[in-house]
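# Structure for the following, please:
(chains A and B)
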Amino acid sequence: MLRFNILVFACLTYATLLFVVAFWAEKRAEAGRLGWLRSPIVYTLSLSVYCTAWTFYGAVGYAVRSGLEFVSIYLGPSLMMIGWWWILRKLVRIGRTHRITSVADLISSRYGKSTTLGVLVTLLAVIGTTPYIALQLQSVATSFAVFGVNDPTGAVQTDLDKTALWVAAGLALFTILFGTRNLDANERHHGVVTAIALEAVVKFFALVCVGLFVVWGLTDGWGDLIDRIDASPVSSHPISGTRWITITMLSAAALITLPRMFQVLVVENSDENHLFTAGWFFPLYLFGMSLFVIPIAVVGLQVLPDGSNPDMFVLTLPLHYDQRFLATFSFLGGFSSATSMVIVAAIALSTMVSNHIVMPIWLKARKGGATVSGDVRSVVLYARRLSIFGVLALGYLYFHFSGGSEALASIGMISFTGVAQVLPAMLGGIFWRGATRVGAILGVVIGFVIWAYTMFLPSFGEAAGFTAELMAEGPLGIGLLRPQALFGVTGVDPVVHAVAWSLAINTLVFLLGSLFSFPRPVERLQGAQFVNVFEHSGTARGWSHGFAETEDLLVMAQRILGASEAQALFHAAAAEQGKEGYLPDATPEFIERLERKLAGSVGAATAHAMLAQIAGGVLVSVEDLMAVADETAQMMEYSNQLEMKSEELSRTARKLREANEKLTQLSIQKDAFLSQISHELRTPMTSISAFSEILRSAGQEGDLDAESLERFSSIIHDEALRLTRLLDDLLDLSVLESGSVSLNWTRTNLHDVIDRAMGAVMQGRDGVGIRIERNEFSEHIAMETDADRLSQVFINLITNARKYCDAEQPTLKIQVRRIGQDDVQIDFIDNGTGIPADKQTVIFEKFSRITDHAKAGSAGLGLAICREIMANLGGTIAYLPGQGGAAFRLDLPRVRTR
Amino acid sequence: MPLYLARASYRRRRLIDALRLLPFLLFGLWLLPLLWGGAGTDTPVGAGGRSFVHVFVVWALGIAVAAWLARRLRRAEGPIEPLSAKDIAEAQEEGRR
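The predicted model follows:
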């Protein structure tokens, strides 16, 4: 016999290995170097938590008791997995898009983030899973006992109860360590998943090795084996058709409804494409786990003494032949099966309990809960840890009080049926937009009640008051209500009876409830999002504009996500909105994104509730409702959008046309400008070249008198000056037009500026030549401007008046007015004939001259320059008609406008 | 759209159909043992090594076909959804902005 102490040592070593592996994987995940740890193989292996100790030990016992029927428990999940394109693909996509954290979160989130449903499903999951955890503890304890039974020298007494307690405590420690290390927004546990994958490999090879030992060690190969199977009592059990079909379907449903399966399938999924591999690899795993069950059962029945526990054949067969190593390996396989299930189930349940029961209560208990200070993360984490502890304690207590005597298979079936009660709500939720919260609540509640009445409570027997009398006669003697023959359905297997009644009535109530109730807006929104998850990969919108203070949101997010992650999220969002710093605008998109991020940590309902406290309630806009309306409406919306788009296109086209016209005109203007300029340049150049020609030939011949010499050279000089002036003006204009002129802003008195302009004009050759009327008193206005530039404008206007005023006694009136506090108006009015109406619009254009060229004696850039200067000073210049002469009005701000 | 592209997406959709139908086929095949033996014969329904072999052979074949389909499907990977639905989603995204 194997020394029991060695076994305990092996077991502890193995557990230590698991800790090390989990720790190593966590470290790698933190460093972002997951590599093959997130490969589809690891994903598939993690799905093996489906195979618990119930599979490892129980399958053989089941086969001994019922023959081939045991295999239906693995056929169902194989079917579900092979047909992954139907349901799993959608579940995984929804899980990833909406950051679903558990089954309860999925259901609650789908039905309008309902807290009630979250609580219901959580309770159902806890009640349905606790016996299953007890079952795992029992199997580990029993397997220890198998070894310890003949070894009184063992350091540890083989007390079932104590063993179970120790195992439970160890598992609680592991799960708390690696299941609640961090509050990851994705709710993924790389350490746990890696450890589970390792355990999957161990239990697979343990069972296969025992199988190979049986087939090739104890029989003469497959041919002999088939003969033995035919002769064995194992294969003389008839297959019950109804059980065969029911259990296949039930186990298929269990694959998606069991909390632990949902955890590894959906929540821990890191890549949707892993399903391509898992779709065939997981059935292969189940195939391998089941293949040797019948041979082990057949051979075990033949060779082991009568009365051996068939549930322990996997251990007792190698022990019987004194295969110590194989027996230890097999023991570790069973240990792996039990522990991996308990760990994942505890994580899944603790997530549900903390997100759907503890957090809502905590939020309610504190008024304005989401906005008070303190770290919510620690609350969530403590809730998780306490929940894990609580779940394992419940499992242990169940084991302790039920005495651990029941056959393994029946508890498994009870658990499957219990959690399958969420199936109608789940499938209805992801495939039918008409499914409502009311229907889901009614269905789950009724299904739960029927399950409890027909299956769960009867399993306790007398203890729960389900006496033999009640089972036979019904409550108060009402035969129609007999727990295992409801409504007179007799002669059916109790499992089939319970599954059929609970799921049938559950589905019916769910459908009727959905048909006759009316969903709330959020429900409809979520419904459309879930059902059409492949079309709408965008986000559901439940928030309307502008209610949230971003700073409050940041404070809250920091407490759930942790300071640095929250700040990074806000910073990124702000950057996307083109803002700097850490506070983006609280747009609906941003709040939605934040909600999802938070939902990854605390569940959809809680995240929604917390945000609602800050963002001011759930508001669904008309636009959002449009998105959830019927397909027709969707199509209408689509065509509307197309219409809008084409309108937008034609608007753009119009703009382009306008721009094109403008460009064409500009090009024409530019051509005109160039020809003007060359004309302007050519005229003086012609004179200069002509007179310099004369001077040159005179210099050769020497026949020019002094008077002519002086006249000609002064003409050349004048023309050269005129050219320079023209070029100066052009340069000035181009600088002004490009806006790159640097102005010398100073505070000055307007009176001084006008004086300066007058002085400059009088310095000229011809004196003033015009009478100026001023009201000097009104000119004393302090203003902030560029005095040089402003006086340039004045000089221009005074010179123009002198040049063009055709009155007998030319007079120029300069009137200054102050308009309000901040504006100054200056009018220059002469008493000439003024400018004809048809020319008034062009006088500010370049090279525009009203009179002929010779008389003007300038290029016609003056007013154009004035206009540019005024624009640069922040003012305007305009021609003022109807003043009895040419009149220009200048409007200027008194202080610089910035 | 060029002809071969349309063909590829057609082929892909039929592959998906096959993958979807496969579980139903397997389920049907696994029901077969229920028709063996029973009343009128001297063996119980579905008993004996024959059912055992049948169930596991069907299982193995099913896994092989599923793996083959998954491989073909991965190679033929293209737009996952029909174009029109995707366009609608995109248009809606546009509209939201």
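
# so A:T507 touches A:G443, yeah?
Yes: under the criterion of Cβ atoms under 8 Å, A:T507 lies in contact with A:G443, with a separation of 6.8 Å. For every residue, glycine as well, the C-beta is placed using N, CA and C.

# what's near enough to touch residue 29?
With no chain named, the answer covers chain A. Shown in contact with A:A29 (Cβ atoms under 8 Å, 6 or more residues apart in numbering or on different chains): A:37, A:190-191.

# Chain B, not that one
Shown in contact with B:L29 (Cβ under 8 Å, 6+ apart): B:V58.

# Regarding the residue positioned nearest the centre of chain A, which helix or strand does it belong to?
The centroid of chain A falls nearest to A:R593 when counting by Cα atoms, centre = their mean (4.7 Å). Assigned by DSSP states H and E, A:R593 belongs to helix A:588-602.

# Would you indicate which residues of that helix are buried?
A:588-602 (16 or more other Cβ atoms under 10 Å in any protein chain shown).

# Which elements pack onto that helix?
Counting contacts by 3 or more Cβ pairs under 8 Å, 6 or more residues apart in numbering or on different chains; DSSP states H and E, helix A:588-602 packs against helix A:376-402, helix A:550-561, helix A:563-576, helix A:604-615.

# again, only using 7 Å
Judged by 3 or more Cβ pairs under 7 Å, 6 or more residues apart in numbering or on different chains; DSSP states H and E, helix A:588-602 is in contact with helix A:550-561, helix A:604-615.

# Mind telling me which of the ones you listed the model trusts least?
Lowest mean pLDDT of the helices and strands packed on helix A:588-602: helix A:604-615, a mean of 69.

# which residue ranges form the strands in chain A?
For chain A, the strands defined by DSSP state E occupy A:746-749, A:771-774, A:782-785, A:811-819, A:823-830, A:876-879, A:887-893.

# can I assume A:H497 is in contact with A:Q484?
Yes: using Cβ atoms under 7 Å, A:H497 is in contact with A:Q484, at 5.7 Å.

# Toward the C-terminus, what is the element adjacent to the lengthiest helix in chain B?
For chain B, the helix reaching the highest residue count under DSSP state H is reported as helix B:3-31. As assigned by DSSP H and E, the chain's next helix or strand after helix B:3-31 is helix B:49-75.

# now the angle from that following helix to helix B:3-31?
160 degrees (axes from the mean of the first three to the mean of the last three Cα atoms, to 10 degrees).

# what does chain A put close to chain B?
A:67-68, A:71, A:75, A:78-79, A:82-83, A:85-86, A:226, A:229-230, A:235-239, A:241, A:244, A:276, A:279-280, A:283-284, A:287, A:291, A:294, A:534-538, A:627, A:634, A:638, A:641 (Cβ under 7 Å from any Cβ of the partner chain).

# quick one: low-confidence ranges for the stretch 451-600 of chain A?
In the predicted model of the stretch 451-600 of chain A, residues A:536-549, A:551, A:559, A:563, A:580-582 satisfy pLDDT under 70.

# at 50 instead, please
The stretch 451-600 of chain A contains residues with pLDDT under 50 at A:538-547.

# Relative to A:T550, how far out is the residue of it found nearest chain B?
Closest contact between the stretch 451-600 of chain A and chain B, by Cβ to the nearest Cβ, is at A:E535 (4.7 Å). Counting by Cβ to Cβ, to the nearest Å, the separation of A:E535 from A:T550 is 31 Å.
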